[in-house]
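In: here are the coordinates; sequence isn't available:
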């Protein structure tokens, strides 16, 4: 092979500095997160950390991260590790650019629960240092099962609720039931009207000042199957949609706290760090004229749908008419006009009575002015 071909292949392959570690954990629930105040990664996203199962997979270990591949990156991220039967090992792999001045990411491990049950909500605040990312996973978007969908209907907001599983609603409706005391473990938003899924992003709150990285619309944010609640959320629009609309957020929590509506610049969370039990997202136009036009269009759409439904009902309920057979026309007897007899009027004495012509009779023809010759 020529030297030019070898140089091209060398430019396509970049060597990295990789180191691996086996971390042993006892039975329980653990949070693994980055130590605060670390340098941000380079444009290539390095250095970074990945948490995975070791080559010999252990079914007693469950790892939940924001990335399905177990990638933690270099800062502001975290993972949950549940060990149902310990001790067990987790493979921690660190990736660095060769000759980079960046130090290897430093991780911290905190036990959230000794047992495999759900820890108290306060464990989030204890495990989450200021400014760190939440413990959450991003599996595929939930298929709503708590609320049945009509034919062809697609939900815009999905969430995993304690003791209910995956539930779906539309934007503008309450996700979860206020006052139910069932917490929400994770959620996803995928608008189908006004804006697209790529025009919205959101964060989960799992501690005071501890927010997850922004999650793109259509993706799941939070934990599932780990029995861990989120403590709030924040939602905002981006791109061209943010110029025409903004989000308002209302939320209720298991301690009875009610918040909202709040705007895009703040998260909906309670002062007591109680788990989130229900929330409602509303997309509002920034221009009042646009809002009025939107309402008018929605009302017109509703009227058209009602008229169409009535028309379909009338067509279904209308009886089928049988064709009329054409026969021979009936013969009608001619009706002769009735001529009333003239009533003779009383004539003065000495004169012959004068007969008045009937109104229905034709007037007599005018007498000729020529006199006929009489007899002599």
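Out: Nice, I can see it. What you see is a predicted model, and the numbers here were worked out from it, not measured in a lab. Residues are numbered from 1 along each chain as shown.
In: rest of the way, CA atoms for contacts and neighbours
Out: Fine.
In: could you count how many residues lie near the nearest residue to residue 60 once chain neighbours are set aside?
Out: Closest residue to residue 60 apart from its sequence neighbours, by C-alpha to C-alpha, 6 or more residues apart in numbering: residue 84 at 5.1 Å. Look at residue 84: counted by other C-alpha atoms under 10 Å, it has 18 neighbours.
In: got the contact list for residue 84?
Out: Applying C-alpha atoms under 8 Å, 6 or more residues apart in numbering, we find residue 84 in contact with 27-28, 60-61, 116.
In: A strand includes residue 51, no?
Out: Yes: counting by DSSP: H, G, I helix; E, B strand; the rest coil, residue 51 falls inside a strand.
In: how close does it sit to residue 63?
Out: Counting by C-alpha to C-alpha, to the nearest Å, the gap from residue 51 to residue 63 is 8 Å.
In: swap in residue 232?
Out: According to C-alpha to C-alpha, residue 232 and residue 63 sit 22 Å apart.
In: do the same with residue 241
Out: Residue 241 sits 35 Å away from residue 63, going by C-alpha to C-alpha.
In: more neighbours: the two, which one.
Out: Between residue 241 and residue 63, counting by other C-alpha under 10 Å, residue 63 is the more crowded of the two (20 against 16).
In: that one touches residue 81, doesn't it?
Out: Yes: with contact defined as C-alpha atoms under 8 Å, residue 63 counts as touching residue 81 (4.7 Å).
In: and the closest residue to residue 270 other than its chain neighbours, its phi and psi?
Out: Using C-alpha to C-alpha, 6+ apart and skipping residues adjacent in sequence, the residue nearest residue 270 is residue 257, 6.5 Å away. According to degrees, to the nearest 10, the main-chain angles of residue 257 amount to phi -70, psi 140.
In: lowest-pLDDT helix or strand in the protein?
Out: Ranked by mean pLDDT, DSSP states H and E, the weakest helix or strand in the chain is helix 122-127, scoring a mean of 34.
In: who are the packing partners of the next helix or strand after it?
Out: Sequence-wise, the next helix or strand downstream of helix 122-127 (DSSP states H and E) is strand 157-161. Secondary-structure packing of strand 157-161 (3 or more C-alpha pairs under 8 Å, 6 or more residues apart in numbering; DSSP states H and E): strand 165-169, strand 184-189.
In: among those strands, which comes closest to residue 155?
Out: Proximity to residue 155 (C-alpha to C-alpha) singles out strand 165-169 among the helices and strands packed on strand 157-161, at 5.3 Å.
In: does anything pack onto the closest one? Which helices or strands?
Out: strand 157-161.
In: run the angle between the strand it packs on and strand 184-189 for me.
Out: If you take axes from the mean of the first three to the mean of the last three C-alpha atoms, to 10 degrees, strand 157-161 sits at 170 degrees to strand 184-189.
In: so what's residue 35 up against?
Out: 75, 106-108.
In: PyMOL command to pick out the buried ones of those?
Out: In PyMOL, this line selects whichever of these come out buried by 16 or more other C-alpha atoms under 10 Å:
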select buried, resi 75
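In: go through the contacts of residue 35 and flag which are in strands.
Out: With strands taken from DSSP state E, the overlap with the contacts of residue 35 comprises 107-108.
In: can you redo the contacts of residue 35 as CSV with distance to residue 56 and pLDDT?
Out: Below are these laid out as CSV (distance: C-alpha to C-alpha, whole Å; pLDDT from 0 to 100):
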residue, distance to residue 56, pLDDT
75, 28, 74
106, 25, 82
107, 23, 81
108, 24, 77
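In: could I get the contacts of residue 35 as CSV with distance to residue 44?
Out: Shown next, in CSV, are the contacts of residue 35 (distance: C-alpha to C-alpha, whole Å):
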residue, distance to residue 44
75, 14
106, 19
107, 20
108, 24
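In: closest to residue 22 out of the contacts of residue 35?
Out: Residue 22 lies nearest to residue 107 out of the contacts of residue 35, by C-alpha to C-alpha, at 13.4 Å.
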